[in-house]
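Participant: When you get a sec, could you give me coordinates for this:
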Amino acid sequence: MADKYSKISEILEGKLTGKKVKLRGWVHRNRSSGGLAFVVVRDGTGVVQCAVKKDAVSEKSFKDASEVYVESSVKVEGTVKEDKRAPGGFEVSATDFSTIYRGEAFPIAKDKSTEFLLDTRHLWLRSQKLTATMKARDYIVHYLREFFEKREFMEFAPPIITKAGCEGGSTLFPIRYFDDEAYLTQSGQLYAEVFIYTYPLVYILAPSFRMEPSRTVKHLAEYWHLEPEMAWYDHEMNMKLQEEMTEYVCQKMVKNHAELLEQCGRKPDELAKVKAPFPRMSYDDAVDLLQKKGLKFKGQKDFGADEEDTLTKELDKPLIVHSYPKKVKSFYMREKPDEPGRVLCNDLLAPGGHGELIGGSERIWELDELLKRMKEEKLDIKDYQWYVDLRKYGSVPHSGFGLGIERLVKWMLNLEHIRDAIPFPRVINRVYP
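Facilitator: Numbers count the residues shown, from 1 in each chain. Below you'll find the predicted structure:
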């Protein structure tokens, strides 16, 4: 008998066929008839069927196998054999079966409503689909970090509580901070700009919060935000980095985790097409295209879901839209020297209508331009004095962008709703569990 517990994934890979194994995990499904109980066990790496025959195990083992509930925790010993009829093509012929904790009958069965599944999210996360999604998310984040580490970026931790908004006051979550008022951060970008003066290539991976009263399939009130900031980068270099990063993580997932992508609902050959360079289009050209396609969009505002869908639904890789009007973008974006009223910014839109993944720009780095822009936006300089100071002492041209992790996961796995790209979604009507 093996001295340690085996992983079910090793069984499904054919590495343990004909060998004796010990397994531990939870009951995924079960049924029994007469002298035979079939218990499908999962351990986080996969699921395998265990056949428990009455005449092959002790009386207690068979009783345990016959009476377990779905999600009871169990241990199994037995021999692995190939069986094409079993889930995954393998089965364990049990010689011993023991229930560690039987618990109560599991409350989740087929055909439960979305709201019920969200109420019981702490249990529904055990489902095969969500387990696969969270595994894929973990790999995606790993490859994002790997991309920046290979380019000698440094990760640093920004504050989550702040006095200043980054993307506008209307979406700030106010909190009581002792005897003062503060906010949950919308973005760590302004703080990332602090750090480029000590090390020129940095990134943040941290939560951000937006109080947007939106019920769309791509909005969360709390999400994870990847924000690189680069000294000496102009906007062209910034857009190129966005393309390279997106290509890198897609190609890594296709090469190393094609089966997992299939499990999640994404065909690997679709992501294999995501290679730089991506198509690019100015904001004005995008507006013209939307109007030609019949949308009543007059410009001078940001794109919504309908516009993003129309621009990307025929594409097989992301689209970069650049040169937005200054009035629809944030105060820190540098104006185009050759095109007043437009800023050196871009949005990277996912194909198939999944929407904006990235927003990036060259930052205003000269003091006079920043003060003028803040005055136009009626911002209180006192709240941003530390940010203004950066332009007084050794300022340099720099650029950066923000990527929503959940939006990237939603697109890469072809999920219907962004809430399934994060373990515990926070949306306008839900803050439980």
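
Participant: For this protein, give me the ranges with low pLDDT.
Facilitator: 1-3, 168-169 (pLDDT under 70).

Participant: Show me how it divides into domains.
Facilitator: Taking automatic domain parsing as the domain assignment, the ranges for the chain are 8-101, 121-421.

Participant: nearest to residue 433, of these?
Facilitator: In this view, the domains of the chain are compared for proximity to residue 433 by C-beta to C-beta, and domain 121-421 is the closest at 5.0 Å. Where you see a C-beta, it was placed from the backbone N, CA and C, and this is true even at glycine.

Participant: can you give me how far that closest one is from the chain middle?
Facilitator: Counting by C-alpha atoms, centre = their mean, to the nearest Å, domain 121-421 is centred 12 Å from the centre of its parent chain.

Participant: Look up phi and psi at residue 184.
Facilitator: In terms of degrees, to the nearest 10, the main-chain angles of residue 184 are phi -80, psi 140.

Participant: just residue 306 next, same as before
Facilitator: According to degrees, to the nearest 10, the main-chain angles of residue 306 amount to phi -60, psi -40.

Participant: Kindly confirm whether my reading is correct that it touches residue 295.
Facilitator: Yes - with contacts defined as C-beta atoms under 8 Å, residue 306 counts as touching residue 295 at a distance of 6.7 Å.

Participant: of those two, who's got more company?
Facilitator: Neighbours were counted for residue 306 and for residue 295 using other C-beta atoms under 10 Å; residue 295 has more, 15 against 12.

Participant: so which strand or helix has that one?
Facilitator: Residue 295 is located outside every helix and strand, with elements delineated by DSSP states H and E.

Participant: secondary structure class for the residue nearest to it when sequence neighbours are not counted?
Facilitator: Counting by C-beta to C-beta, 6 or more residues apart in numbering, residue 310 is the residue found nearest to residue 295 once chain neighbours are left out, at 6.0 Å. Per DSSP: H, G, I helix; E, B strand; the rest coil, the secondary structure class of residue 310 is helix.

Participant: Burial check on residue 310, number of neighbours?
Facilitator: Using other C-beta under 10 Å, the number of residues around residue 310 comes to 18.

Participant: Next one: it from residue 363, what distance?
Facilitator: If you measure residue 310 against residue 363 using C-beta to C-beta, to the nearest Å, the figure is 30 Å.

Participant: Against residue 36, how distant is the residue of the chain most remote from its centre?
Facilitator: With C-alpha atoms, centre = their mean as the measure, the chain has its most outlying C-alpha, relative to the mean C-alpha position, at residue 55: 48.8 Å. Distance of residue 55 to residue 36, given as C-beta to C-beta: 10 Å.

Participant: quick one: the residue farthest from the centre of the chain from residue 91, how far?
Facilitator: When C-beta to C-beta is the yardstick, residue 55 and residue 91 sit 17 Å from each other.

Participant: Check residue 153 too.
Facilitator: Going from residue 153 to residue 91 by C-beta to C-beta gives 48 Å.

Participant: picking that back up, I'd assumed residue 287 was in contact with the residue nearest to residue 295.
Facilitator: No - counting by C-beta under 8 Å, residue 287 is not a contact partner of residue 310; they are 11.2 Å apart.

Participant: Between the two ends of stretch 105-120, how far is it?
Facilitator: The straight-line separation of the ends of stretch 105-120 (C-alpha to C-alpha, to the nearest Å) is 14 Å.

Participant: neighbouring contacts of that stretch?
Facilitator: Outside stretch 105-120, the residues that touch it by C-beta atoms under 8 Å, 6 or more residues apart in numbering are 69, 70, 71, 123, 124, 127, 419, 425, 430, 432, 433.

Participant: Would you map the helices across the stretch 51-200 of the chain?
Facilitator: 59-67, 114-119, 121-124, 128-150, 189-195 (DSSP state H, counting those that start in this stretch).

Participant: tell me which residues in the third one are buried?
Facilitator: Of the residues in helix 121-124, those buried under the neighbour-count criterion (16 or more other C-beta atoms under 10 Å) are 121, 124.

Participant: Name the surrounding residues that touch it.
Facilitator: Under the criterion C-beta under 8 Å, 6+ apart, residues 71, 106, 107, 108, 117, 118, 130, 423, 424, 425, 433 lie in contact with helix 121-124.

Participant: hang on, the earlier thing: include distance to residue 113 when you put the domains of the chain into JSON lines, please.
Facilitator: Listed next are those as JSON lines, based on distance: least, C-beta to C-beta, whole Å:
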{"stretch": "domain 8-101", "distance to residue 113": "19"}
{"stretch": "domain 121-421", "distance to residue 113": "12"}
